[in-house]
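Trainee: Pasting the sequence and the predicted model now:
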Amino acid sequence: MYLAKIGKLKIVWSRELPAIPSSVTVIKDSAHRYFLSFVVEIQPETLPKTDNSVGIDLGIKTFATLSDGQKIDGPKPLKKRIKKYRKLSKSLSKRTRGSKQYEKARLKIAKFHAKLKDTRTDFLHKLSTEIIRENQTIVLEDLNVSGMVKNRKLSRAISDLGWKKFRTLLEGKAEKYGREFRVIDRWQPTSQVCSCCGFRGGKLDLSVREWECLNCGRKHDRDTNAAINILVAGGHSETKNGHGGKHKTTAKVAAAYEMSTHRGATAR
């Protein structure tokens, strides 16, 4: 690679260029890494159509639960290296801003964050590509991520997962490969409605991971049930009555409903 006023560069190609580039931009990140971004013209690629559709429920303990029952754990790179991050941050706080030692400590933290970002982005790209290739329609819940990260107890965990990036990748790849991407309203009671008969119980505490429907007796995994309801809310009826039931819970029923739940794993 030859750049004017710089000369020849030794670079590591992430992939082959699909066409002759019209321009190139040199990018330097906070970790002093250099990247070349090319602008190329490509032809739209459409994947073969499939009858599969999927609803996706995003969570903290389990990154994504699909409507077919599959659960996918995220890498959570920061959680696994939190001790190292605290050590680096402590070292930076002891340095004088503007000094050489401060810059060395800052660069170490920048490289640390760059590695976390690469790990997270690699996971999100692979998962989003797999989902797009296997399904014609993808339905996701419209989560208020910017509002949720204001919760001090959950902000670090949510940021470590990359929900917003995942949605952006799904939406972009769906448009690129001719898939349909839908988003349902965030106020849909996907965790409260039985995906089998449509009966709506009371509000569930986050610690409740499994519950039993008082109307039909079906036992549900909270996340799987929510993913099915997300798919149904997106226009795909996969339940017996398509959530057309007219059942509504009362205060007494809701109280009994809470007693019929099983408390187990930590909140998502």
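Mentor: Looks like it came in fine.

Trainee: contacts, neighbours, all on C-alpha from now
Mentor: Noted.

Trainee: which residues in the stretch 1-150 of the chain form helices?
Mentor: Applying DSSP state H, counting those that start in this stretch to the stretch 1-150 of the chain gives helices spanning 77-80, 82-93, 100-134, 145-148.

Trainee: actually the stretch 151-268 of the chain, not the one I typed
Mentor: Going by DSSP H, counting those that start in this stretch, the stretch 151-268 of the chain shows helices at 155-161, 163-177, 222-233, 251-259.

Trainee: looking at the helices of the stretch 1-150 of the chain, which one has the lowest mean pLDDT?
Mentor: Among the helices of the stretch 1-150 of the chain, helix 145-148 carries the lowest mean pLDDT, at a mean of 84.

Trainee: And for that one, what's in contact with it?
Mentor: 154, 155, 158, 163, 164 (C-alpha atoms under 8 Å, 6 or more residues apart in numbering).

Trainee: Output it in CSV with nothing but the alpha carbons.
Mentor: This file holds the C-alpha atoms of helix 145-148, laid out as CSV (Å, rounded to 0.1, in the frame of the first residue of the first chain):
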residue,chain,number,x,y,z
VAL,A,145,-30.6,1.3,26.3
SER,A,146,-29.6,4.9,26.9
GLY,A,147,-32.1,5.1,29.8
MET,A,148,-31.1,1.7,31.2
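
Trainee: Quick check: which ranges of the stretch 101-250 of the chain have low pLDDT?
Mentor: Counting by pLDDT under 70, the stretch 101-250 of the chain shows low-confidence ranges at 236-250.

Trainee: now with 50?
Mentor: Low-confidence segments of the stretch 101-250 of the chain (pLDDT under 50): 238-250.

Trainee: hmm, back to that, just put the helices of the stretch 1-150 of the chain in JSON lines and tack on mean neighbour count and distance to residue 12.
Mentor: JSON lines is the format used below for the helices of the stretch 1-150 of the chain (neighbours: other C-alpha atoms under 10 Å; distance: least, C-alpha to C-alpha, whole Å):
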{"stretch": "helix 77-80", "mean neighbour count": "16", "distance to residue 12": "24"}
{"stretch": "helix 82-93", "mean neighbour count": "14", "distance to residue 12": "28"}
{"stretch": "helix 100-134", "mean neighbour count": "16", "distance to residue 12": "16"}
{"stretch": "helix 145-148", "mean neighbour count": "12", "distance to residue 12": "35"}
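
Trainee: In CSV, list these along with distance to residue 210.
Mentor: Compiled in CSV, the helices of the stretch 1-150 of the chain are given as follows (distance: least, C-alpha to C-alpha, whole Å):
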stretch, distance to residue 210
helix 77-80, 26
helix 82-93, 30
helix 100-134, 26
helix 145-148, 23
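
Trainee: Is residue 55 bridged to anything, and to what?
Mentor: On DSSP bridges, the residues paired with residue 55 through beta bridges are residue 139.

Trainee: need the contact list for it.
Mentor: Per C-alpha under 8 Å, 6+ apart, neighbours of residue 55: 66, 67, 138, 139, 140, 227, 228, 229, 230, 231, 232.

Trainee: CA atoms of stretch 209-227 as PDB?
Mentor: Provided in PDB are the C-alpha atoms of stretch 209-227 (Å, rounded to 0.1, in the frame of the first residue of the first chain):
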ATOM      1  CA  ARG A 209     -36.900 -17.100  35.900                       C
ATOM      2  CA  GLU A 210     -39.700 -19.800  35.500                       C
ATOM      3  CA  TRP A 211     -43.400 -19.600  36.000                       C
ATOM      4  CA  GLU A 212     -46.500 -21.600  35.400                       C
ATOM      5  CA  CYS A 213     -49.600 -20.300  33.600                       C
ATOM      6  CA  LEU A 214     -52.700 -20.300  35.800                       C
ATOM      7  CA  ASN A 215     -55.000 -20.700  32.800                       C
ATOM      8  CA  CYS A 216     -53.500 -23.600  30.800                       C
ATOM      9  CA  GLY A 217     -50.900 -24.900  33.300                       C
ATOM     10  CA  ARG A 218     -48.000 -24.600  30.900                       C
ATOM     11  CA  LYS A 219     -44.600 -24.100  32.500                       C
ATOM     12  CA  HIS A 220     -42.500 -21.400  30.900                       C
ATOM     13  CA  ASP A 221     -38.900 -20.300  30.900                       C
ATOM     14  CA  ARG A 222     -39.100 -16.500  31.300                       C
ATOM     15  CA  ASP A 223     -36.700 -15.600  28.500                       C
ATOM     16  CA  THR A 224     -37.900 -18.200  26.000                       C
ATOM     17  CA  ASN A 225     -41.500 -17.200  26.600                       C
ATOM     18  CA  ALA A 226     -40.600 -13.600  26.000                       C
ATOM     19  CA  ALA A 227     -38.800 -14.400  22.800                       C
END
